[in-house]
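K.L.:
Just the structure for this:
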Amino acid sequence: MAKRTTKLQQLAQTGPTPRAGRATETLCADFLNYLRGECHLAANSIDAYGRDMRRFVTWVGKRRLGDLKVGDLSSYMGELRTFDLAPASVARNIVAVRTFFKFLQLEGIVQDNPAELITTQKMWQRIPSVLTIRQVDAFLRSPKKTDKYWQRDVAMLEVLYATGCRASEVCTLRVRDLSLADRHLRCEGKGGKQRMVPIGSGAINAINRYCEMLRGELAAKVPHPPEELFLSRSGRALDRVQLWRLVKMYAQRVGIDSKISPHSLRHSFATHLLAGGADLRQVQEMLGHASIQTTQIYTHVEHSRLKKVHQQYHPRA
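P.N.:
Alright, predicted model coming up:
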């Protein structure tokens, strides 16, 4: 580690030579390895940070990282807003740069951290897309027996809504994670954190039917069947892109807003629980949120729904 650090320090402290850009790329690669190995971030988070750092490396160019000042980084943050990025993406880019400079300090590559003075703008709390209970019922019935893999698709949609799991969590759900007799399943969320999630009769029946009628047929298409529960037509584990396309297709079939995504079912899960009287802490645990503040957005969603009801029906609204 000492030799590597010395070399990196030399690269960061030398003047702007043709290799300076390469030195920044090397540091960014080491930073991503640090996030992966030391911070244990999830693969999707690593990918997102990787995209952010590639954008930052391009902006830095041949400049030395140690020469960057607060004003320089502020200019970079201003440029981010010209890329038509969502507020959440801009905020994540800022966090990525701040974390990167903390890493450089830990490695002894820079002494001062100008990025710590850069703060994220407070983002508008965007109310997520939420389905009504009637829409959920229609959506869960949208796969028909004429669809080639309808058993899998019904089970997949049922699990998304019944558990509130993220799309990536449903795709990585393994058969051995199921405890249907005990009416729950084990879910691995962000950062490898595991949680137990209850599951209802509708989803249990759909999973059993899929496993009995279709999963074995799909698994037989590959020499070494994957452990994942939901398989594609080729016998491999269903990925997030395929799941997203299926959700879009079935939403369109029943005339639901085109903006609906797998995450909309997670939002609907949480909102309907709170509307039914569930405790916020319990919903937080089922969703796998590290902070209660993340879960609190669903109280705003429910409040917004109640306001609409009040405006629609109250004679003096």
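K.L.:
Just the C-alpha atoms of the helix or strand that contains His267, please, in CSV.
P.N.:
With elements taken from DSSP states H and E, the one containing His267 is helix 262-275. Output in CSV follows, covering the C-alpha atoms of helix 262-275 (Å, rounded to 0.1, in the frame of the first residue of the first chain):
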residue,chain,number,x,y,z
PRO,A,262,-41.5,-1.7,-11.4
HIS,A,263,-40.8,0.9,-8.7
SER,A,264,-44.4,2.1,-9.0
LEU,A,265,-45.5,-1.1,-7.4
ARG,A,266,-43.1,-0.6,-4.6
HIS,A,267,-44.5,2.9,-4.1
SER,A,268,-48.0,1.5,-4.2
PHE,A,269,-47.2,-1.2,-1.7
ALA,A,270,-46.0,1.4,0.8
THR,A,271,-48.7,3.9,0.2
HIS,A,272,-51.5,1.3,0.6
LEU,A,273,-50.0,-0.1,3.8
LEU,A,274,-49.9,3.4,5.3
ALA,A,275,-53.4,4.1,4.1
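K.L.:
contacting residues around that helix?
P.N.:
For helix 262-275, the external contacting residues (C-beta atoms under 8 Å, 6 or more residues apart in numbering) are 128-131, 133, 136, 157, 160-167, 170, 240, 243-244, 247, 280, 282-283, 286-287, 295, 298-299, 301-302, 305. For the C-beta atoms, the positions are set from N, CA and C on the backbone; glycine is no exception.
K.L.:
now the angle from whichever strand or helix holds Ala155 to helix 262-275?
P.N.:
Element membership of Ala155 [criterion: DSSP H and E] is helix 150-163. Using axes from the mean of the first three to the mean of the last three C-alpha atoms, to 10 degrees, the inter-axis angle of helix 150-163 relative to helix 262-275 is 40 degrees.
K.L.:
Quick one: mean pLDDT for helix 150-163?
P.N.:
Averaging pLDDT along helix 150-163 yields 96.
K.L.:
which helices and strands sit right next to that helix?
P.N.:
helix 133-140, helix 167-171, helix 201-210, helix 240-253, helix 262-275 (3 or more C-beta pairs under 8 Å, 6 or more residues apart in numbering; DSSP states H and E).
K.L.:
which of the contacts of helix 262-275 are buried?
P.N.:
Buried members of those, scored by 16 or more other C-beta atoms under 10 Å, are 128-131, 136, 157, 160-167, 170, 243, 247, 283, 286-287, 295, 298, 301-302.
K.L.:
Need the mean per-residue confidence for the helix or strand that contains Ser75.
P.N.:
Assigned by DSSP H and E, Ser75 belongs to helix 70-80. Averaged over helix 70-80, pLDDT sits at 80.
K.L.:
same thing with stretch 104-111?
P.N.:
For stretch 104-111, mean pLDDT is 84.
K.L.:
And that stretch, how far out from the chain middle?
P.N.:
Distance of stretch 104-111 from the chain centroid (C-alpha atoms, centre = their mean, to the nearest Å) equals 30 Å.
K.L.:
Cheers, nothing more for now.
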